[in-house]
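[1] following is a predicted model, sequence given first.
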Amino acid sequence: MNWKKIWFFIWKDDSLLSWLVNVVLAIIIVKFIIFPALGFALNTGFPVVAVVSCSMEHGITNCGNDNREEVLCGDNNLEEEITNFDDYWEICGAWYEDNAISKESFIGFSFSNGFNKGDIMVLYGVKMKDVNVGDVIVFDSGLNSAPIIHRVVGVDENGVTTKGDHNIRSESFEKDIKEDEIFGKAVFRVPYLGWVKVVFSDLVGGVLR
């Protein structure tokens, strides 16, 4: 086997076939080398996730769905843009205050200004004892859908309760989340890098619907 020819074909050749081989090699390297290595280092099978919904955004949005109203925390009568945390809290803060989470506490939470659809989140695997109110976690909702990334708003002997910062309330599937349903805690955010997956998911979803 002529390794020099193979090397030239992969790295130097400008043909379409060479480009396709490079794409396949990149996918293999990421999936079977980089991703598992990251998972080992970060103690989770989901070291990196793309945010595919708007449930943690602090702005007024319909998440790009023209069939939905533009809302924030269930309010659809908003005329001004959300430009800072105080604006967000004025609309969404009542739910948290009713559930013993003050504005001062929320400001101290990780990702206190939320994050957006299309962001990449890096996760670290944690035990239940290391999960605290205010953390952002990824968990299995049991809804036969992609894992969900939301903020922890309660921890007790029954498990963890979460809520999306953009959502009006905590839903039933977000209550009593057990340790084995938690994939990890978000520790780092990379803006926009997840849009490749989002666009692909939207296209596939559009075909399947």
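    Yep, it's here.
[2] rest of the way, CA atoms for contacts and neighbours
    Noted.
[3] three-state assignment of residue 121?
    Following DSSP: H, G, I helix; E, B strand; the rest coil, the label given to residue 121 is strand.
[4] give me the below-cutoff pLDDT ranges for this protein.
    1-2, 5-12, 27, 30, 197-209 (pLDDT under 70).
[5] one more pass at 50, please.
    203-209 (pLDDT under 50).
[6] quick check, central residue of it?
    For the chain, the residue nearest the mean C-alpha position is residue 51 (3.4 Å; CA atoms, centre = their mean).
[7] what's it in contact with, if anything?
    Neighbouring residues of residue 51 by CA atoms under 8 Å, 6 or more residues apart in numbering: 116, 117, 118, 119, 120, 121, 149, 194, 198.
[8] so which of those residues is the closest to residue 37?
    residue 121 (16.5 Å; CA to CA).
[9] how near is the closest one to residue 94?
    Separation of residue 121 from residue 94 (CA to CA, to the nearest Å) stands at 27 Å.
[10] looking at these two, which is more packed in?
    More crowded of residue 121 and residue 94, by other CA atoms under 10 Å: residue 121, with 23 against 13.
[11] quick one, phi/psi of the closest residue to that one other than its chain neighbours?
    Nearest non-adjacent residue to residue 121, counting by CA to CA, 6 or more residues apart in numbering: residue 189, 4.7 Å away. Torsion angles at residue 189 (phi, psi; degrees, to the nearest 10) stand at phi -120, psi 130.
[12] what about residue 189, how many residues nearby?
    With other CA under 10 Å as criterion, residue 189 counts 18.
[13] contact partners for it?
    119, 120, 121, 122 are the contacts of residue 189 under CA under 8 Å, 6+ apart.
[14] now for the second one: which residues touch it?
    This means residue 120. Per CA under 8 Å, 6+ apart, neighbours of residue 120: 48, 49, 50, 51, 189, 190, 191, 192, 193, 194.
[15] for it, name its beta-bridge partners.
    residue 50, residue 190 (DSSP bridges).
[16] where along the protein do the helices fall?
    3-11, 16-29, 35-42, 85-98, 103-107, 195-208 (DSSP state H).
[17] would you map out the domains in this protein?
    1-42, 44-208 (automatic domain parsing).
[18] tell me the most buried of those?
    domain 44-208 (a mean of 17; mean count of other CA atoms under 10 Å).
[19] these two touch, right, residue 169 and residue 93?
    No - in this structure, residue 169 is not within contact of residue 93 by CA atoms under 8 Å, at 11.4 Å.
[20] could I get the phi/psi values of the closest residue to residue 159 other than its chain neighbours?
    Once flanking residues are discounted, residue 159 sits nearest to residue 176: 4.3 Å by CA to CA, 6+ apart. Per-residue torsions, residue 176: phi 60, psi 40 (degrees, to the nearest 10).
[21] cheers, nothing more for now.
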